[in-house]
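Asks: Sequence first, then the predicted structure:
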Amino acid sequence: MALAALVTWVVTAGGGFILLATWLGRDGMKQRTGGRIKAPLILAHFVLAAAGLVLWIAYVATDEDVYAWIAFALLAIVALLGFTMFAIWAQQRQSRQPRPAPAAGEPAEPAEQHFPVPIVALHGLLAVLTVVLALLAVLEVGG
């Protein structure tokens, strides 16, 4: 179970890198006005996910339960941050109201609206699978 969680986590991270690169490439760091994914949220999601993945790799390599539990706790936080970002993204996509005028030097269209929808979907589905597999692993269900 731990190895399966590692594989899904790595593939999920790959999708996350694509989304992060898109966001950065579209000046996501300059976004300041309402309804957009803010830099601290997306960067916290990235940093905590990476830290959790490193700890999960340490768990798989050493079989030390403390690494698994800390990694899983980080993963739970990452999932909450990810769901928050997904909600912002989905709300933007559904909204047909005019957006407020951007501040000087800020892009008119939120950077996250350039995310490839299939990557968002795959990232989210794999993230859910990763959480489930990691939970089963830390609970030692299924060997």
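Replies: Great, that's in hand.
Asks: Please name every helix or strand in contact with the longest helix seen in the chain.
Replies: When the chain is parsed with DSSP state H, its longest helix is helix 65-94. Secondary-structure packing of helix 65-94 (3 or more Cβ pairs under 8 Å, 6 or more residues apart in numbering; DSSP states H and E): helix 39-62, helix 117-138. Quick note: C-beta positions are derived from backbone N, CA and C, even for glycine.
Asks: how many other residues sit next to the closest residue to residue 86 other than its chain neighbours?
Replies: Once flanking residues are discounted, residue 86 sits nearest to residue 124: 6.3 Å by Cβ to Cβ, 6 or more residues apart in numbering. Close neighbours of residue 124, defined as other Cβ atoms under 10 Å, add up to 17.
Asks: And residue 124, how far from residue 131?
Replies: Counting by Cβ to Cβ, to the nearest Å, the separation of residue 124 from residue 131 is 11 Å.
Asks: Over to residue 140?
Replies: 16 Å.
Asks: Looking at these two, which one has more neighbours?
Replies: Applying other Cβ under 10 Å to residue 140 and residue 131 shows that residue 131 carries more neighbours, namely 20 against 11.
Asks: Can you give me the pLDDT of the more buried one?
Replies: At residue 131, the model reports a pLDDT of 98.
Asks: One more: residue 53?
Replies: pLDDT recorded at residue 53 is 98.
Asks: who's in contact with it?
Replies: By Cβ atoms under 8 Å, 6 or more residues apart in numbering, the contact set of residue 53 is 9, 10, 13, 71.
Asks: Neighbour count, distance to residue 88 and pLDDT for the residues you listed - can I get that in a markdown table?
Replies: Converted to a markdown table, the contacts of residue 53 look like this (neighbours: other Cβ atoms under 10 Å; distance: Cβ to Cβ, whole Å; pLDDT from 0 to 100):
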| residue | neighbour count | distance to residue 88 | pLDDT |
| --- | --- | --- | --- |
| 9 | 24 | 23 | 98 |
| 10 | 14 | 26 | 98 |
| 13 | 20 | 21 | 97 |
| 71 | 27 | 26 | 98 |
